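Q: whatever this is, show me its structure:
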Amino acid sequence: MCISSEYMFLSMVILGPSNPKHLIDVYLEPLIEELQNLWHVGVLTRDSVKDEKFMMRTVLMWTVNELPTYGMAFGWKSVGAMGCPVCMKDTHAFYLQNGRNACHFDCHIQFLPPDHPYHRNKKAFTKNQCERKVARPRLTEKQIRDWVEEFSPAVEVPLSLPTDTGRSISG
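A: Here you go, the predicted model:
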């Protein structure tokens, strides 16, 4: 029921001349504060079927965006040789001779099955080369946690959350 079209909405930031670029956090900060509050504190909600009240908590499960927005919203450098958040340091992007821009040409082939004909195609992709590399396995939860723990925290002081917002949803 909650995934049917009448319960869904889409909000977006459209890139263009008035793009907020690195100031996107100004727009996201109220949303992040609200999501943290709804996760840690919750909001009193009435179930109209059971006629009971319960504490509802929310979570942002995923976002869908292209790489420039991904870079702005989540702080990932989405340009240059490490522009791919999947490949990270295992990318085989290269820099073009004349433009000195990073090129991710043929990087997508590694995600195809190893027996896919594109791996053997020397004419359609990088000249006279076969792409034999396969995508690395996805990182485990422990590997991600170990990697993240190497970084120092961006916020020294923990965020304080209100214990009660005085809000409730009732019908």
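
Q: mind checking how far the longest helix seen in the chain is from the chain centre?
A: In the chain, with assignment by DSSP state H, the single longest helix is helix 24-40. The chain centre lies 16 Å from the centre of helix 24-40; the measure is Cα atoms, centre = their mean, to the nearest Å.

Q: only the buried residues of the helix or strand just after that helix, if you could.
A: Using DSSP states H and E, the helix or strand that directly follows helix 24-40 along the chain is strand 43-47. Applying a neighbour-count criterion of 16 or more other Cβ atoms under 10 Å, one finds residue 45 buried in strand 43-47. For glycine as for every other residue, the C-beta is placed from the backbone atoms N, C-alpha and C.

Q: okay, now the sheet partners of strand 43-47, with direction.
A: strand 52-56 (antiparallel), strand 168-169 (parallel) (DSSP bridges).

Q: which residue ranges form the helices in the protein?
A: 24-40, 67-74, 141-149.

Q: return the residue of this protein that is most distant from the centre.
A: In terms of distance from the mean C-alpha position of the chain, residue 51 ranks first, at 37.5 Å (Cα atoms, centre = their mean).

Q: what distance do you get for it to residue 34?
A: Per Cβ to Cβ, to the nearest Å, residue 51 is found 27 Å from residue 34.

Q: what do you get for residue 92?
A: Using Cβ to Cβ, residue 92 is found at 41 Å from residue 34.

Q: surely residue 130 meets residue 119?
A: Yes - Residue 130 is within contact range of residue 119, at 6.3 Å (criterion: Cβ atoms under 8 Å).
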